[in-house]
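In: sequence and predicted structure, then a few things I'm wondering about:
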Amino acid sequence: MTTIEQEFTIGDIAERTGLSTHALRYYEREGLLAGRVRRQSGQRRYSASDLEWINICVKLRATRMPLAAIRRFAELVGDGPGNEHERLALLREHQNRIVTQMAELNDCLDVINWKAAIYEQHLAQGTAQNLWTAADDSAATPD
């Protein structure tokens, strides 16, 4: 008994991933897909594995992984077993960038939270007029 793997059209994949068909064609042109999606007829047909891979690519792009790095990762996956250390190195490098970005964003969020608390305090006390304004910064406090 043979199992026929479900195939998806580009429209199906667009609907399932939230990407436009234009973006999917771009991913293909840029070499970001690990497998071949073009059939002999010229139509694109995607497998469940392709769908999973595209969802991974979407997450990598959402975290600003460079296209060149995703392309290299796709090439390595497409090459098959034997290069797992290089794949892991690419992922770890990106992971480290994200951790650094998250720390920077947390620092920024701390400043925003601190500043919002000052505004809430002044508004609750009715002293918001004492907050710094660009129009008249000579008499106001730099809150």
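Out: On my side now, so go ahead.
In: from now on I want contacts and neighbour counts done on CA atoms only, so please keep to that.
Out: Fine.
In: quick check: phi and psi at residue 63.
Out: Dihedral pair for residue 63: phi -100, psi 10, per degrees, to the nearest 10.
In: how does this protein divide up, domain by domain?
Out: 1-80, 96-132 (automatic domain parsing).
In: hey, least reliable of the ones you listed by pLDDT?
Out: Taking each of those in turn, the lowest mean pLDDT turns up on domain 1-80, with a mean of 88.
In: ranges for the strands of this structure?
Out: 7-8, 46-47 (DSSP state E).
In: centre of the chain versus the first one, how much separation?
Out: When you say that, I think you mean strand 7-8. The chain centre lies 24 Å from the centre of strand 7-8; the measure is Cα atoms, centre = their mean, to the nearest Å.
In: thinking again about what came up before, among the strands of the chain, show me which one is buried the most.
Out: Neighbour counts (mean count of other Cα atoms under 10 Å) averaged over each of the strands of the chain peak at strand 46-47, with a mean of 20.
In: contacts for it, please.
Out: By Cα atoms under 8 Å, 6 or more residues apart in numbering, the list of residues contacting strand 46-47 from outside reads 5-10, 13, 37.
In: 10 Å instead?
Out: Outside strand 46-47, the residues within contact range by Cα atoms under 10 Å, 6 or more residues apart in numbering are 5-10, 12-13, 35-39, 53-54.
In: what lines up beside it in the sheet?
Out: strand 7-8 (antiparallel) (DSSP bridges).
In: hmm, who's touching the partner strand?
Out: By Cα under 10 Å, 6+ apart, strand 7-8 touches 13-14, 16, 37, 44-51.
In: and which of those residues is nearest residue 71?
Out: Comparing those against residue 71 with Cα to Cα places residue 50 closest, at 14.6 Å.
In: got the end-to-end distance for stretch 41-52?
Out: Terminal residues of stretch 41-52 are spaced 24 Å apart (Cα to Cα, to the nearest Å).
In: appreciated, that's everything.
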